[in-house]
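This is a predicted model, with the sequence first.
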Amino acid sequence: MQKLNNILKDIPVLELIGSSDKDINAITFDSRVVRASTLFVAIKGTLVDGHKFIEQSIENGANAILCEDLPKTLIDGITYIRVADSHASLGLLGGNFYDHPSTKLKLVGITGTNGKTTCATLLFQLFRQLGYTCGLLSTVQNQIQDEVIPATHTTPDAVSLNALLAKMVEKGCDYAFMEVSSHALAQKRIEGLTFTGGLFTNITHDHLDFHKTFEEYLKAKKSFFDNLVDKAFAITNIDDKRGFVMLQNTRAHRKTYSLQTLADFKAKLVENHFNGMLLNIEGEEVWFKLVGQFNAYNLLAVYATAKMLGQDKQEVLSILSNIKGAEGRFDHMTAPNKTVGIVDYAHTPDAVQNVLETINDIRSGKEKIITVIGCGGDRDRAKRPLMAKVACEWSDKVILTSDNPRSEDPTAIIEEMEKGVPVADRYKTISIVDRKEAIKAACMLAQPGDVILLAGKGHEKYQEIRGVKYHFDDKEQLMAQFENLK
Ligand SMILES: CC(=O)N[C@H]1[C@@H](OP(=O)(O)OP(=O)(O)OC[C@H]2O[C@@H](n3ccc(=O)[nH]c3=O)[C@H](O)[C@@H]2O)O[C@H](CO)[C@@H](O)[C@@H]1O[C@H](C)C(=O)N[C@@H](C)C(=O)N[C@H](CCC(=O)O)C(=O)O
Ligand SMILES: Nc1ncnc2c1ncn2[C@@H]1O[C@H](COP(=O)(O)OP(=O)(O)OP(=O)(O)O)[C@@H](O)[C@H]1O
Ligand SMILES: N[C@H](CCC[C@H](N)C(=O)O)C(=O)O
Ligand SMILES: [Mg+2]
């Protein structure tokens, strides 16, 4: 419980009507979960305007309302707080309510189109093995030491986020590693957090349904670095075209990493195989369990972050060399007849290309690559033809199928993907709407030694079709089919 006037500290209030000397048990932006003595924050969302639910929130027990527009009728006994930006205020309220947990541990944020989960997970595993108590906020799951807390978003909403950080502080965490998604930045879910450091992986095409233009998407990512404090560090990938721009206006201490040019942290990919790769990191040759050039970037980024956090080079490299990475990222298995299966969360054109390039690099020659791929519904439509095109370019056979169609018609999504298939590649593609059947078909087509890539769903344990979530696990499906490949 907290006093309202404490929770409102540092919030730019335009108008306050009613008493601020009252007890608040909880803060929420969802009228459906309001209980007695709750502060309800009305947010103008992407689907509806939360201001519509002010009345309902009061019926459910809200005793204070924070909003951008005051309702026409004000009710006695309720406190109304008018602000210019409810999203930003929610972040600050979350911090005040949970007593600024981000200042009580070292918080590191990772942003970029691809590689966030991988880097955050590697950092979490690394720092635990270095002997620290750690927390993780990621797409796959949230975690405090061994305790797993299911994740609904890559970056939780501002209230849940501060609640999770407060729990980490309570459990004695020294570090928290978190993914910072572009949605979270645009919606100011991280407003008011104090970061010790920030890491940029890369930026390519994604989420243009939400951000509308690439410039807006870039601006959202960049705002993370613009808002870091001067004591923080900011690490960027300068092999990415936008690597420098990201840190252009940051006050933080800047550092760069690269596989191709001079940088503060530099590495070179020496050898790449299905079960590991050899990297030269700052003059030291080390084998890692992760594979692929994109993972060379992730490892180097993690190494740079660990160095900026004052860790010892040898210790860091020796631990990293044994870490396997995040679930559903280049997860590979081999069937009894030597067919290779790879489950990977590649769900952007760039990620699909990276994974397929890596498989091409590693395969010894005549083995075929069979890619099973779909695109999510209610998400960026522009990436659909592009993902299909890239899949065709780098595979011998492509099976277009469903990912999470969500509220959309699965066949219509596949038709949009088909538009990206070059005429000359049509002979190598088939469309099978049912993902289970698509995986089965891939296994039937595969000859010993061939590589099957299941792209897009990685760690996900469900498939959402017409708004209903069914249990579905790519790895489980593949393992079941592999048993038949004797
Ligand atoms: C597009 C998007 O990001 N939407 C998020 C956003 O919801 P919204 O702004 O659309 O909310 P809305 O439905 O319009 O409602 C507006 C307001 O009215 C409130 N409301 C609504 C109905 C009601 O009866 N009562 C009520 O009070 C809502 O709680 C909300 O505050 O804010 C909500 C609360 O934080 C999020 O749950 C919701 O995530 C949706 C479910 C989602 O799918 N988000 C994805 C796209 C997302 O955020 N992804 C990123 C990145 C993914 C990645 O690449 O890794 C992530 O960080 O997970
Ligand atoms: N550094 C990288 N550069 C390009 N592609 C990458 C990189 N790291 C991973 N990938 C590819 O992107 C996929 C997603 O990786 P990861 O989950 O680490 O990214 P993410 O940024 O967390 O994604 P999301 O936005 O969905 O949370 C991987 O399965 C792999 O195919
Ligand atoms: N977390 C991201 C990627 C989802 C990957 C894919 N499986 C899909 O459902 O589109 C999102 O919500 O856009
Ligand atoms: Mg992620």
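Alright, I've got the coordinates. Ligands and ions are numbered 1, 2, ... in the order given.

so what's the residue nearest the centre of the chain up against?
Nearest to the centroid of the C-alpha atoms of the chain, with distances taken as Cα atoms, centre = their mean, sits T154, at 4.4 Å. Neighbouring residues of T154 by Cβ atoms under 8 Å, 6 or more residues apart in numbering: 116-117, 138-139, 179, 181, 183-184. The C-beta positions use only the backbone N, C-alpha and C, and glycine is treated the same way.

For the closest residue to ligand 1 within the stretch 1-150 of the chain, give me phi and psi.
Proximity of the stretch 1-150 of the chain to ligand 1 (Cβ to the nearest ligand atom) peaks at G45, 2.2 Å away. G45 has phi and psi values of phi -90, psi -170 when expressed as degrees, to the nearest 10.

Number of residues surrounding it?
Neighbour count of G45, defined by other Cβ atoms under 10 Å: 12.

and if you look at C173?
Residues lying near C173 (other Cβ under 10 Å) number 23.

Now do the same for it: its pLDDT.
Model confidence at C173, given as pLDDT, is 98.

for the lengthiest strand in the chain, packing partners?
Using DSSP state E to define each element, the chain has its longest strand at strand 265-273. Helices and strands touching strand 265-273, by 3 or more Cβ pairs under 8 Å, 6 or more residues apart in numbering; DSSP states H and E, are strand 253-258, strand 276-281, helix 293-308, helix 349-362.

okay, now the domains of this structure?
2-97, 100-321, 331-483 (the TED database).

Can you say which of those is nearest to ligand 3?
The nearest among those, by Cβ to the nearest ligand atom, is domain 331-483 at 1.9 Å.

just to revisit the earlier point, got JSON lines for the contacts of T154, with pLDDT and secondary structure too?
Shown next, in JSON lines, are the contacts of T154 (pLDDT from 0 to 100; DSSP: H, G, I helix; E, B strand; the rest coil):
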{"residue": "K116", "pLDDT": "97", "secondary structure": "helix"}
{"residue": "T117", "pLDDT": "97", "secondary structure": "helix"}
{"residue": "S138", "pLDDT": "98", "secondary structure": "coil"}
{"residue": "T139", "pLDDT": "97", "secondary structure": "coil"}
{"residue": "E179", "pLDDT": "98", "secondary structure": "strand"}
{"residue": "S181", "pLDDT": "97", "secondary structure": "coil"}
{"residue": "H183", "pLDDT": "95", "secondary structure": "helix"}
{"residue": "A184", "pLDDT": "97", "secondary structure": "helix"}
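
which of the residues you listed are buried?
Neighbour-count burial (16 or more other Cβ atoms under 10 Å) applied to the contacts of T154 gives 116-117, 138-139, 179, 181, 183-184.

Grab the nearest non-local neighbour of E367.
G449 (4.4 Å; Cβ to Cβ, 6 or more residues apart in numbering).

How about the secondary structure of the one you found?
Three-state call for G449 (DSSP: H, G, I helix; E, B strand; the rest coil): coil.

Read off the pLDDT value for it.
92.

Could you tell me how many residues sit around it?
Neighbourhood size, G449 [other Cβ under 10 Å]: 16.

My read is that it contacts V340, right?
Yes. Between G449 and V340 there is a contact at 7.5 Å, judged by Cβ atoms under 8 Å.

Let's have the contacts of T154 in a markdown table, adding distance to ligand 1.
A markdown table is the format used below for these (distance: Cβ to the nearest ligand atom, whole Å):
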| residue | distance to ligand 1 |
| --- | --- |
| K116 | 7 |
| T117 | 8 |
| S138 | 9 |
| T139 | 5 |
| E179 | 7 |
| S181 | 3 |
| H183 | 4 |
| A184 | 5 |
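
quick one: the helix or strand in which K221 is found to strand 253-258, angle?
Taking DSSP states H and E as the criterion, K221 maps to helix 214-226. Interaxial angle of helix 214-226 relative to strand 253-258 (axes from the mean of the first three to the mean of the last three Cα atoms, to 10 degrees): 130 degrees.

Run through who's touching the helix or strand hosting N6.
Here N6 sits within helix 4-7, counting by DSSP H and E. Contacting residues not belonging to helix 4-7 are listed as 19-24, 27, 39, 64, 79, 93, 96-97 [Cβ under 8 Å, 6+ apart].

If you count neighbours, what's buried in that helix?
For helix 4-7, burial by neighbour count (16+ other Cβ under 10 Å) applies to 4, 7.
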